[in-house]
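**Student:** Prediction below, plus the sequence it came from.
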Amino acid sequence: MHYFLHQNKLHATMTLEHVAIWTADLERLKNYYEQYFGGMANTKYVNAAKGFQSYFLSFASGARLELMQKESVPINVNDTVSAQHLGIIHLAFGVNTMAEVDNKAVELRQAGFFILSGPRKTGDGYYEFETLDPDNNRIEVTTEFRQ
C-alpha cells in the first residue's frame, strides 16, 4: 500500500475504483463506451435470480465503469438533459491534445450524438466539450491547456 503526507497526517493512497451506471439497454451502452472511448468490457455477469446483469469496462488509465441493468430499476424522471442537478453530473474522459478533443467532438457529432457545448477553453485551464451518451448521461472530453 502506498501512503502520502497531507496536513501532517499520513494517508493511504486512494484511487477511484469505478463508477456505476444503471441502463435499460446494457449492450447499447457497452458498445458506445467501447467504440468511442476505448473501454474494454469483461464477460457479462448475469444473476438470473435477481434479474441483474452487468459489464465492467476498463480504460487505459486504470479507471473502470460498471454498466448495470435490472428490470425493476425505474427510469430517471429528469425532464431535461441540458439542466444541471445536484449529485454526480458527468464523467470526464481525458485526452492529450486540443486536436484530440476537436476530433472526438467531430466524430461524435457525425455519429449523431448531440454536443451540448464546446469545444471551448474554460477559465480553469481546460479545453473541452460536453456531450451525452445514448442514455443521456453527460460526458466531457477534456485536456489541459497552457495559456
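**Tutor:** Nice, I can see it.

**Student:** I'd guess residue 27 is in a strand, am I close?
**Tutor:** No - looking at residue 27 with DSSP: H, G, I helix; E, B strand; the rest coil, it is helix, so not inside a strand.

**Student:** got the domain boundaries for the protein?
**Tutor:** 7-71, 90-147 (automatic domain parsing).

**Student:** residue ranges of the helices in this protein, please?
**Tutor:** In the chain, the helices defined using DSSP state H lie at 26-37, 98-110.

**Student:** List the buried residues for the longest one?
**Tutor:** So that's helix 98-110. For helix 98-110, a neighbour-count test (16 or more other CB atoms under 10 Å) marks 98, 101-102, 104-105, 108 as buried. C-beta here means a position set from N, CA and C on the backbone, and glycine is covered the same way.

**Student:** Now the two most distant members of these.
**Tutor:** Farthest pair in those (CB to CB) is 98 and 108. Separation: 16.0 Å.

**Student:** Residue 125 and residue 143 touch, don't they?
**Tutor:** No - counting by CB atoms under 8 Å, residue 125 stays clear of residue 143, with 9.9 Å between them.

**Student:** of the helices of the chain, which approaches residue 47 most closely?
**Tutor:** helix 26-37 (13.1 Å).
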